[in-house]
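A.B. asks: Sequence first, then the predicted structure:
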Amino acid sequence: MSLANVASPLTPPKAGLRLQKQFSWVRAREACVRAMLLGCASLSLLTTLAIVYMFLTEAVYSVTPDTTAFFQDVSLWDFLTDTEWSPQFADKHFGILPLLCGTFVIAGIGSLIGLPIGLAAAIYLSEYAKPKFRRMMKPVLEVLAGIPSVVYGYFALVFVTPYVLRPMFQSLLRIDVDIFNAMSAGVVLGVMIIPTVCSLSEDALRAVPRGLREAGYALGSTKYDVSLKVVVPAAFSGIVASFLLAISRAIGETMAVCIAAGQMPRLSLNPFRSMETMTAYMVGASLGDTPAGTIEYKSLYAVGFTLFVITLGMNILANWVMNRFREVYE
């Protein structure tokens, strides 16, 4: 008689069958959970691929023989170099430069306001603030980040322009300020990206080992020197990544800039004039009476594809900076 046929006194045959069924059920449950998690992880990839496919078929090359894509009717050179954007006029022009100018002017103003303030707030919360104050300020920043963008847009329209910009620049400096202008949109955009910069930068600063701070204090450095010369350089990759992500959010903002900056495509660097961003054009054209299948309708996908490429490049750059300058501490 083989040893396999001998029942162990610790595991009777019925108990062994019960354990085998239990282990089979556990393995089946783990397989279901693994498949569900894989499906959730694949959903974002499939969504991205679907968006890219939509942009390519509508803007670059149409897969159906009876329709044409945008760049099959408009040359890429004219799209990138023409200085006029007037798809609704009889004399149509599809130069993306005015929309790019408005997008980057407003995003640049918002970055000049939001990035330094957000970084300064992160340094204070990480290095200077007491734990009680830090716990109180976190929910405040979350509330600031949770305000809808349309509220920021109306705030810029009814408060920033008439009560801040016009008294300061038009009354004192004699600079004409339009009702819809890029400066007010940039100001509220800077306020909108402060929570993003502050939260991500603070996480990067708090991840710096305490030993580096103590080494700086042991050498006789002040808190200011330790904060700016030890902690900030050690968290440089995380800070730059937060900057790039905030700029990407500023470039892709829609409702705030649509309400505050207006919808006048203009190739100008004057921040007190009305401008139109790429997202504002997409909102205005999609809500209008643009017939589907026309060249004006296809221009939505061309502008959206351009915005997609820009934000994708910003995210790739952020990941490269994080991997290139990341400090590993043991």
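C.D. replies: All right, it came through fine. Keep in mind the model is a prediction, meaning the values are calculated, not measured.

A.B. asks: so where's the stretch 201-330 of the chain shaky on pLDDT?
C.D. replies: Scanning the stretch 201-330 of the chain for pLDDT under 70 picks out 288-289, 325-330.

A.B. asks: What ranges does it have for its helices?
C.D. replies: With DSSP state H, counting those that start in this stretch as the criterion, the stretch 201-330 of the chain has helices at 210-218, 223-226, 232-234, 236-251, 255-261, 278-286, 295-325.

A.B. asks: Quick one: closest of those to Ala122.
C.D. replies: Closest of the helices of the stretch 201-330 of the chain to Ala122 is helix 236-251, at 8.0 Å (criterion: CB to CB). Placement of C-beta: from N, CA and C, glycine included.

A.B. asks: helices or strands up against that closest one?
C.D. replies: Helix 236-251 is packed against helix 97-123, helix 182-206, helix 295-325, with contacts defined by 3 or more CB pairs under 8 Å, 6 or more residues apart in numbering; DSSP states H and E.

A.B. asks: Export the ones you listed as CSV, with columns for mean neighbour count and distance to Thr81.
C.D. replies: Shown next, in CSV, are the helices and strands packed on helix 236-251 (neighbours: other CB atoms under 10 Å; distance: least, CB to CB, whole Å):
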stretch, mean neighbour count, distance to Thr81
helix 97-123, 22, 7
helix 182-206, 25, 22
helix 295-325, 17, 14
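
A.B. asks: For Met264, find the nearest of the ones you listed.
C.D. replies: helix 97-123 (8.5 Å).

A.B. asks: Contacts only, for Ala215.
C.D. replies: Val230 (CB atoms under 8 Å, 6 or more residues apart in numbering).

A.B. asks: Can you give me the distance of it to Val230?
C.D. replies: From Ala215 across to Val230, the span is 8 Å (CB to CB, to the nearest Å).

A.B. asks: ditto for Thr222
C.D. replies: In terms of CB to CB, Thr222 sits 11 Å off from Val230.

A.B. asks: again, but for Gln170
C.D. replies: According to CB to CB, Gln170 stands 45 Å off from Val230.

A.B. asks: now swap in Ile295 and tell me
C.D. replies: 57 Å.

A.B. asks: circling back: neighbour count for Gln170 and Val230, which is higher?
C.D. replies: Val230 (18 against 15; other CB atoms under 10 Å).

A.B. asks: which residues sit in contact with the residue nearest to that one when sequence neighbours are not counted?
C.D. replies: Leaving aside its chain neighbours, Val230 sits nearest to Gly216 (4.6 Å; criterion: CB to CB, 6 or more residues apart in numbering). Contact partners of Gly216, counting by CB under 8 Å, 6+ apart, are Asp225, Val226, Lys229, Val230.

A.B. asks: Gly304 reaches Val283, doesn't it?
C.D. replies: No - applying CB atoms under 8 Å, one finds Gly304 not in contact with Val283, separated by 11.3 Å.

A.B. asks: still on that earlier bit, reformat the helices of the stretch 201-330 of the chain as JSON lines; add distance to Ile179.
C.D. replies: Listed next are the helices of the stretch 201-330 of the chain as JSON lines, based on distance: least, CB to CB, whole Å:
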{"stretch": "helix 210-218", "distance to Ile179": "50"}
{"stretch": "helix 223-226", "distance to Ile179": "43"}
{"stretch": "helix 232-234", "distance to Ile179": "40"}
{"stretch": "helix 236-251", "distance to Ile179": "22"}
{"stretch": "helix 255-261", "distance to Ile179": "10"}
{"stretch": "helix 278-286", "distance to Ile179": "15"}
{"stretch": "helix 295-325", "distance to Ile179": "25"}
